[in-house]
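K.L.:
Structure for the following, please:
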Amino acid sequence: MTAAVEQNVVSLLRRMAERLPDRSALVFGGGDSLGLYVTFSELWERVDRISNGFAEEGLRPGDRAIVMVPMSPDLYAALLGLLKLGVIAVFVDPWMGWRQIAGFAGFADPRAYVGIGKSHLLRWMDGRLRRVPVTVTTGKRVWRYPAHRTLAEVERRPGDGRIHAVTSTDSALITFTSGSSGVPKGANRTHGYLAAQHRALRGEFHYRDEDVDMPMFPILALNNLAMGIPSVVPEMDFRRVDAVDPSRILRQMRRHGVTTCTASPPFFDRLARHLGESSDRPKLRRILTGGAPVSDRELREWEKAFPDTEVVVVYGSTEAEPVAHVRAAERLEAVGATRSSPPGYCVGRLTDRVRARLIRIDSGPVTLDREGWPAWEVPAGEIGELVVTGDHVCKDYYRNPSAVLENKIVDPDGEVWHRMGDTGYFDDRDRFWLVGRVHSTIFRDGRAVHPQLVEQSATGGDGRVQRAAAVGFPSPALGERVVLALEASPDAALRAEVEARLAEAGQPVDEIVFLEEKLPVDPRHNSKIDYDRLRLLLHKRLRSSSLDAANS
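P.N.:
Numbering: from 1, shown residues only. Here you go, the predicted structure:
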């Protein structure tokens, strides 16, 4: 395979810098200040200098560099500077715990570590990271503490405009999955994958020349840079999406003229509750949301809060995004028309850029034998696990063959398919409906019970129930019994209503537990139920209740 400059994704930024030099590429602040504007030409010039500076420090194409910098001008300048040089950036999200960060960072065998000042404290706590030869802080330093160089020192060298030639299969970014189905894995995003993802996002979600986007996720800001769309970075703690200050975000939107916004459900929940019936709304033409199932109640609240805004639910994963999307109006209409009760969560028709299959639910690795797919695929209309393949579907994980075995399927033609880990079915209009996750499917008395269907039935749009989650516990008689946790105040009448809704929907539940504290959710989006943590919590709660009963 021939290497070419055009296959390095940084070439897309240079093209925008030449075409739109004075347009704002990145905008920071504006909620409580005037804001900081970085134009496309300014960003490119800085990327060019930093790339040469990293080369002077001894980094070479194929080396790996840990990047621990929050969304800021420094993040994109450093990240793109590394990619321009052909260095693989190992991007570490702030939601990860320090033990996970140290483990993954050391596992990557990096030659460079780029981070904010306090991130270097973590480096000094891990023996492997202390030996990294090139260390850079975005802040100040005193002698060699906290790092050998500051980013300002690295970028003092002039740039030469050259971009390292790569092949489409060369690694560009390693990013980590949210770990909702186990330990986070390092998805290997090649230059070809990033380019294909850019084409998919651009094709599925059309932007206008006058658009200004507010992306909550760093990878989507990279996509905006490739399209020439300004990105306004939300002023928030990205580790606490559910605690975002809506008034500050709304001031940012108004000040900078934000027209589109992409964020996880809790972000829009906060904005919608704050707006209420207010007439002073931002002029958003479109909202994109995903990362977790979005309830019908949430969609109705958002449509009320943003009456002139198109609300779109996006479905995908770290390894494959986008896979599908659906507009709120279509989703709510589909729910009203379905005969199933409850139907699950409609995510729409799959994009033409992926091919898909539904296979039987199995938590173990899937290997195709001589029979191929027929031995695994489920009949039309039945529930199974979704698997997809396409140019913007990650093929492997960095240095993790066991994760590849568990999450990928190689067909007889050598095509790599990704297991989404989600269970669901296609309706008669080829729309996909989510009903649960493979790892959280409960097998009770010979029947598969799908948590999201149980949870939908239990809540029934009832405002007294903030969240519901169903988990399975071992049972000698049933194999697994179904325990339903409700995030709600204990109430006998509510319990009776929930039991009635479950009975009507034909959803078996063996025990209902009221939890006045919040159900545990994933650290990245603050919206997906963390079933493993919930199972531990319920185990302690149920064990304590059993002991109390035995001693009474």
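K.L.:
so how far is Leu85 from His539?
P.N.:
His539 sits 49 Å away from Leu85, going by Cβ to Cβ, to the nearest Å. (C-beta placed from N, C-alpha, C; glycine too.)
K.L.:
Same question for Met216.
P.N.:
For Met216, the distance to Leu85 equals 28 Å [Cβ to Cβ].
K.L.:
How about Val449?
P.N.:
Using Cβ to Cβ, Val449 is found at 51 Å from Leu85.
K.L.:
cool, and Asp296?
P.N.:
48 Å.
K.L.:
who has more neighbours, these two?
P.N.:
Neighbour count, other Cβ atoms under 10 Å: between Asp296 and Leu85, Leu85 has more, with 25 against 18.
K.L.:
Not counting its neighbours along the chain, what's nearest that one?
P.N.:
Nearest residue to Leu85 in three dimensions, chain neighbours excluded: Ser51, at 4.8 Å (Cβ to Cβ, 6 or more residues apart in numbering).
K.L.:
Please work out how many residues are found near Leu515.
P.N.:
Neighbours of Leu515 using other Cβ under 10 Å come to 20.
K.L.:
next helix or strand past the helix or strand containing Leu453?
P.N.:
Here Leu453 sits within helix 451-459, counting by DSSP states H and E. Using DSSP H and E, the next helix or strand after helix 451-459 towards the C-terminus is strand 467-475.
K.L.:
Count the neighbours of Gly463 for me.
P.N.:
Around Gly463 there are 8 residues (other Cβ under 10 Å).
K.L.:
if I look at it, how far off is Leu284?
P.N.:
Separation of Gly463 from Leu284 (Cβ to Cβ): 25 Å.
K.L.:
before we move on, what about Thr167?
P.N.:
According to Cβ to Cβ, Thr167 and Leu284 sit 40 Å apart.
K.L.:
Let me see the ranges of the strands in the stretch 51-200 of the chain.
P.N.:
Taking DSSP state E, counting those that start in this stretch as the criterion, the stretch 51-200 of the chain contains strands spanning 64-68, 88-91, 112-115, 134-137, 149-150, 171-176, 186-190.
K.L.:
Tell me which of those strands is the most buried.
P.N.:
strand 112-115 (a mean of 27; mean count of other Cβ atoms under 10 Å).
K.L.:
any idea of the mean pLDDT for that one?
P.N.:
For strand 112-115, mean pLDDT rounds to 95.
K.L.:
Ok, stretch 433-444 next?
P.N.:
Stretch 433-444 comes out at a mean pLDDT of 95.
K.L.:
Buried residues of that stretch, list them for me.
P.N.:
Buried residues in stretch 433-444, counted by 16 or more other Cβ atoms under 10 Å: 433-438, 440-442, 444.
K.L.:
Output those residues as TSV; include the columns secondary structure and distance to Pro61.
P.N.:
Formatted as TSV, these follow (DSSP: H, G, I helix; E, B strand; the rest coil; distance: Cβ to Cβ, whole Å):
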residue	secondary structure	distance to Pro61
Trp433	strand	45
Leu434	strand	41
Val435	strand	45
Gly436	strand	43
Arg437	strand	38
Val438	helix	38
Ser440	helix	42
Thr441	coil	44
Ile442	strand	48
Arg444	strand	53
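K.L.:
what two of those residues have the greatest distance between them?
P.N.:
Within the buried residues of stretch 433-444, Trp433 and Arg444 form the most distant pair, 21.1 Å apart (Cβ to Cβ).
K.L.:
now the strands of the stretch 51-200 of the chain in TSV, with distance to Ser24?
P.N.:
Listed next are these as TSV, based on distance: least, Cβ to Cβ, whole Å:
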stretch	distance to Ser24
strand 64-68	23
strand 88-91	23
strand 112-115	24
strand 134-137	26
strand 149-150	26
strand 171-176	24
strand 186-190	26
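K.L.:
All the helices of the stretch 401-550 of the chain, residue numbers only.
P.N.:
Assigned by DSSP state H, counting those that start in this stretch, the stretch 401-550 of the chain shows helices spanning 401-407, 451-459, 492-505, 531-551.
K.L.:
Of all those helices, which one is nearest Arg429?
P.N.:
Minimum separation from Arg429 across these (Cβ to Cβ) falls at helix 451-459, 19.8 Å.
K.L.:
What lies in contact with that closest one?
P.N.:
By Cβ atoms under 8 Å, 6 or more residues apart in numbering, the list of residues contacting helix 451-459 from outside reads 293, 295, 297, 341-345, 434-437, 440-442, 465, 467-471, 482, 484, 486, 498, 501-502, 504-505, 507, 509, 531.
K.L.:
quick one: which of the strands of the stretch 51-200 of the chain is nearest Leu386?
P.N.:
Using Cβ to Cβ, the strands of the stretch 51-200 of the chain put strand 186-190 closest to Leu386, at 17.5 Å.
K.L.:
What is the distance between the closest one and the centre of its chain?
P.N.:
Chain-centre distance of strand 186-190: 14 Å, with Cα atoms, centre = their mean, to the nearest Å.
K.L.:
buried set for stretch 354-363?
P.N.:
So, applying 16+ other Cβ under 10 Å, buried residues of stretch 354-363: 354, 356-359, 361.
K.L.:
And for stretch 503-522?
P.N.:
So for stretch 503-522, counting by 16+ other Cβ under 10 Å, buried means 505, 507-509, 512-515, 519-522.
K.L.:
pLDDT value on the closest residue to Val114 other than its chain neighbours, please?
P.N.:
Nearest residue to Val114, sequence neighbours excluded (Cβ to Cβ, 6+ apart): Val136, at 4.6 Å. The per-residue pLDDT reported for Val136 equals 97.
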